[in-house]
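**Student:** here is a sequence with its predicted model. Questions after.
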Amino acid sequence: MATVTEAPPTPAPVAPEKKPPRKRGRWTPYLLLLPGLLWLVVFFALPVIYQASTSVQTGSLEEGYKVTWHFATYWDALSQYWPQFVRSVLYAASATVLCLLLGYPLAYLIAFRAGRWRNLIMILVIAPFFTSFLIRTLAWKTILADGGPVVGALDALHVLDVTAFLGWTAGDRVLATPLAVVCGLTYNFLPFMILPLYTSLERIDPRLHEAAGDLYAKPSTTFRKVTFPLSMPGVVSGTLLTFIPASGDYINSDLLGSTDTRMVGNVIQSQFLRILDYPTAAALSFILMAAILAVVTVYIRKSGTEDLV
Amino acid sequence: MKTTEETTAGGGDVRLTGISKTYGDFTAVHPLDLTVPEGSFFALLGASGCGKTTTLRMIAGLEEPTAGTVHLGDQDVTALPPYKRPVNTVFQSYALFPHLDIYENVAFGLRRRGIKSVKKQVEEMLELVQLGEQARKKPHQLSGGQQQRVAVARALINHPKVLLLDEPLGALDLKLRRQMQLELKRIQTEVGITFVHVTHDQEEAMTMADCVAVMNAGRVEQLGTPADLYENPRTTFVANFLGTSNFIGAEVDSTSGDDIVLKAGGGKLVLHRARASAPATTGGKILAGVRPEKISLTHADDAGGIPEGRNRITGRITESSFIGVSTQFVVDSPVCPDFEVYVQNVDRDARLVPGAEVVLHWNPAHTFGLDAAQDVDAGVGTAEEEVA
């Protein structure tokens, strides 16, 4: 029954012992870094240097290529293929926006409303990864096939008239149009949007929602002022994880598009593997890399998430 | 404070009528009637899981009652969502918005109600909680005590009819908690708003509140001022949860006028009728209780010097611990194996050591009588467990 009201006095902190400088552990961090560094050097740094040198070479397959610091290749590549660059950015951006619009409600649902269904829905989100990327994209060829149920329904609802007017589809076809490519990109990169969104939404303390409601915020205001700002890290990483690979993708355009929907990835692929113009292919790769870096840098600055990420 | 008139007009009592909450088979709060008078500092006290937080959340609108109504003054708010209730909450872990600075956290409620010029009010409020300097910092840059004050400021700035505090000091260390108790009491006196404070710390409830409702297993055990609850507990739970009590199982021997004479062990004890919360019929059982600090301890050799008319019990000291202002003894007596006695260290009797035969005696007016059909140990240790 005894009630002890006073906590026993805590002993005075013991002065920290002087530790001799440890010698053995000094190299441990570097040893731990080594595998990663090796990986980076062999599979990233060396190829980048190799491609950089290829991009300023001249010559031909028969006579061999030499580094002649021929930077004009960059200019030629850009002036010849700028439409494909613009298209890549447009398609990737459209797919990213679509992924965000589709993925955010789903991630929100999983994070806050799914309850015991949470794990099941997560598995369903990840399940497509168990099938090959190619097979899944080919499946879209069947889904969007001419005269198929999807196209038939869209036609009957006059959706195709609108999309054709906007230039997204052609006639009563969906396949081999920009819409098909964007759909393919959206579908393939959706999980890369949902997973980071879910992670950042799930971390939000539900009591913050209660606190906002308690402070006169309607549910919609709570979302605008509390939930969405706090999910910005997820939005930023989700859009980057979608936009970057989508802008370099060529499979979707290859399988679902036509020659009119060629993206820069298609050009690089054919330059490398069919036309065998290595310097142009390398230059295009570098331009794409620089463009993505620039876009991402501006984007991260604008979204002001340095202290959130 | 501009809106004070609005707040006082129309009566600001919080009235809970038959309110209850069940989750499936589990009843968190049994049908409950409770009125919190306007302007009072009201504490809901109980161990974890007793339903005090659920009750608070039903007032805030964060939890929908299974049955019953919540009135604020004359207004029935039972069906109103939280954002439409003139009530604000200080959350247990503060729930400050991490992406907003202190200024914007405090301004949040005002801005949501469409008030444009918030600067003066926010600055005044930050002054009130002494955080004027920290306005542009983010919550995570502040200490626990400062965050706590931001949470209070963020709620108070809206001049709610009622401020709800959900274990607001639970995350602070002991010293800071004492300091914040006084601070909160000062603020409440200054703004005059009704505070409903949920806590498991009986000392906190007693220091701060004008009125305390002790809750246990989804029911209010007893309601009253801190002194009333302490002096006149009506159940063993209240007697044990608020401080420490000694209980003696006794039989009613006879009644004479205002006194009830009890038979316990071989001796007689007197209990004033007004202090018995259970009916006393001759031959019936009753639990006689007495607080440890009301008891005097006299060595058996000096028993002759004890004045007449006091309740006495004999026993042997089994433990004694010196804690500065007082010495706490545990005495083994035939009627109660571990009788607790706190003796002020004024004139210490060197003979009072473990093993000594002693007489415990106290003024019969300090005896309280409870229904014998309850668990003597109800509420023991629950408060301490939670603090740890």
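**Tutor:** Looks like it arrived, so ask away.
**Student:** next, the buried residues of stretch A:163-182.
**Tutor:** Neighbour-count burial for stretch A:163-182 flags A:163-164, A:168-170, A:173-182 (criterion: 16 or more other C-beta atoms under 10 Å in any protein chain shown). (Each C-beta comes from the backbone N, C-alpha and C, glycine too.)
**Student:** give me the contact list for it.
**Tutor:** By C-beta atoms under 8 Å, 6 or more residues apart in numbering or on different chains, the residues outside stretch A:163-182 that reach it are A:91, A:94-95, A:98, A:140-141, A:144-146, A:150-151, A:154-155, A:160, A:252-253, A:256-258, A:261, A:263.
**Student:** wait, which of the buried residues of stretch A:163-182 is closest to A:M232?
**Tutor:** A:V182 (24.7 Å; C-beta to C-beta).
**Student:** and the closest one, helix, strand or coil?
**Tutor:** The three-state label given to A:V182 by DSSP: H, G, I helix; E, B strand; the rest coil is helix.
**Student:** now it: closest residue in space, sequence neighbours ignored.
**Tutor:** Distances taken as C-beta to C-beta, 6 or more residues apart in numbering or on different chains place A:S94 nearest to A:V182, at 4.8 Å, with adjacent residues excluded.
**Student:** check B:H30 too.
**Tutor:** B:G218 (4.5 Å).
**Student:** tell me the contacts of B:N240?
**Tutor:** A:M1, B:D377, B:A378, B:G379, B:V380.
**Student:** and the gap between the last one and chain A?
**Tutor:** Going from B:V380 to chain A by C-beta to the nearest C-beta, to the nearest Å gives 6 Å.
**Student:** for B:G243, see how far away that residue is.
**Tutor:** In this view, B:V380 and B:G243 are 11 Å apart by C-beta to C-beta, to the nearest Å.
**Student:** quick one: pLDDT of the residue nearest to B:H30?
**Tutor:** Here, the pLDDT recorded for B:G218 equals 91.
**Student:** burial count for it?
**Tutor:** By the criterion of other C-beta atoms under 10 Å in any protein chain shown, B:G218 has 22 neighbours.
**Student:** look up how far B:M180 lies from it.
**Tutor:** Distance from B:G218 to B:M180, by C-beta to C-beta: 29 Å.
**Student:** same question for B:V325.
**Tutor:** For B:V325, the distance to B:M180 - C-beta to C-beta - is 24 Å.
**Student:** more crowded one of these two?
**Tutor:** More crowded of B:V325 and B:M180, by other C-beta under 10 Å: B:M180, with 21 against 9.
**Student:** show me the contacts for the residue lying closest to the more buried one once chain neighbours are set aside.
**Tutor:** Nearest-residue entry for B:M180: B:L169, 5.3 Å, with adjacent residues in sequence omitted and distances by C-beta to C-beta, 6+ apart. Applying C-beta under 8 Å, 6+ apart to B:L169 gives the contacts B:Q148, B:L176, B:R177, B:M180, B:Q181, B:L184, B:T199, B:D201, B:E204.
**Student:** where does B:L169 land on pLDDT?
**Tutor:** 88.
**Student:** and it, backbone torsions?
**Tutor:** When quoted as degrees, to the nearest 10, the phi and psi of B:L169 stand at phi -110, psi 10.
**Student:** against B:G218, how distant is B:H200?
**Tutor:** Relative to B:G218, B:H200 is positioned 15 Å away (C-beta to C-beta).
**Student:** just say helix, strand or coil for B:T69.
**Tutor:** strand.
**Student:** that one: what's it in contact with?
**Tutor:** B:L16, B:T17, B:G18, B:I19, B:D76, B:T78.
**Student:** the residue nearest to B:M180 and B:R149: what is the separation?
**Tutor:** Distance from B:L169 to B:R149, by C-beta to C-beta: 11 Å.
**Student:** need the residues touching each of the two.
**Tutor:** B:M180.
**Student:** can you pull out the helices in the stretch 1-150 of chain A?
**Tutor:** According to DSSP state H, counting those that start in this stretch, the stretch 1-150 of chain A carries its helices in the segments A:28-40, A:46-55, A:72-108, A:118-126, A:133-143, A:149-156.
**Student:** buried residues, the first one. List them.
**Tutor:** The neighbour-count check on helix A:28-40 (16+ other C-beta under 10 Å) flags nothing as buried.
**Student:** hey, C-alpha coordinates of it in PDB?
**Tutor:** Extracted C-alpha coordinates of helix A:28-40, given in PDB (Å, rounded to 0.1, in the frame of the first residue of the first chain):
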ATOM      1  CA  THR A  28      35.800  -0.100 -41.100                       C
ATOM      2  CA  PRO A  29      33.600   2.600 -42.700                       C
ATOM      3  CA  TYR A  30      35.700   2.600 -45.900                       C
ATOM      4  CA  LEU A  31      35.600  -1.200 -46.000                       C
ATOM      5  CA  LEU A  32      31.800  -1.100 -45.800                       C
ATOM      6  CA  LEU A  33      31.700   1.500 -48.500                       C
ATOM      7  CA  LEU A  34      33.900  -0.600 -50.800                       C
ATOM      8  CA  PRO A  35      31.300  -2.900 -52.500                       C
ATOM      9  CA  GLY A  36      29.000   0.000 -53.200                       C
ATOM     10  CA  LEU A  37      31.800   2.100 -54.600                       C
ATOM     11  CA  LEU A  38      33.100  -0.700 -56.800                       C
ATOM     12  CA  TRP A  39      29.600  -1.200 -58.100                       C
ATOM     13  CA  LEU A  40      29.300   2.500 -58.800                       C
END
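**Student:** just for chain B, where's the confidence low?
**Tutor:** B:1-11, B:381-388 (pLDDT under 70).
**Student:** redo that, cut-off 50
**Tutor:** Along chain B, the model assigns pLDDT under 50 to residues B:1-10, B:383-388.
**Student:** and it, what are its domains?
**Tutor:** B:4-236, B:237-387 (automatic domain parsing).
**Student:** quick one: pLDDT of the residue of the stretch 51-200 of chain A found nearest chain B?
**Tutor:** As assessed by C-beta to the nearest C-beta, chain B sits closest to A:S200 within the stretch 51-200 of chain A, at 11.8 Å. Here the pLDDT value assigned to A:S200 is 95.
**Student:** wait, what's in contact with it?
**Tutor:** A:L230, A:S231, A:M232, A:P233, A:G234, A:V235, A:S237.
**Student:** quick one, the host helix or strand of it and helix A:149-156 angle?
**Tutor:** Here A:S200 sits within helix A:178-202, counting by DSSP states H and E. Angle, helix A:178-202 to helix A:149-156, by axes from the mean of the first three to the mean of the last three C-alpha atoms, to 10 degrees: 100 degrees.
**Student:** tell me the gap between the helix or strand following helix A:178-202 and the middle of its chain.
**Tutor:** Once the chain leaves helix A:178-202, the next helix or strand it forms, by DSSP H and E, is helix A:206-214. Helix A:206-214 has its C-alpha centroid displaced from the chain centroid by 31 Å (C-alpha atoms, centre = their mean, to the nearest Å).
**Student:** mind listing what's buried in the helix or strand that helix A:206-214 is followed by?
**Tutor:** Once the chain leaves helix A:206-214, the next helix or strand it forms, by DSSP H and E, is helix A:219-222. Neighbour-count burial for helix A:219-222 flags A:T221, A:T222 (criterion: 16+ other C-beta under 10 Å).
**Student:** if anything else comes up later, I'll come back, but that's it for now.
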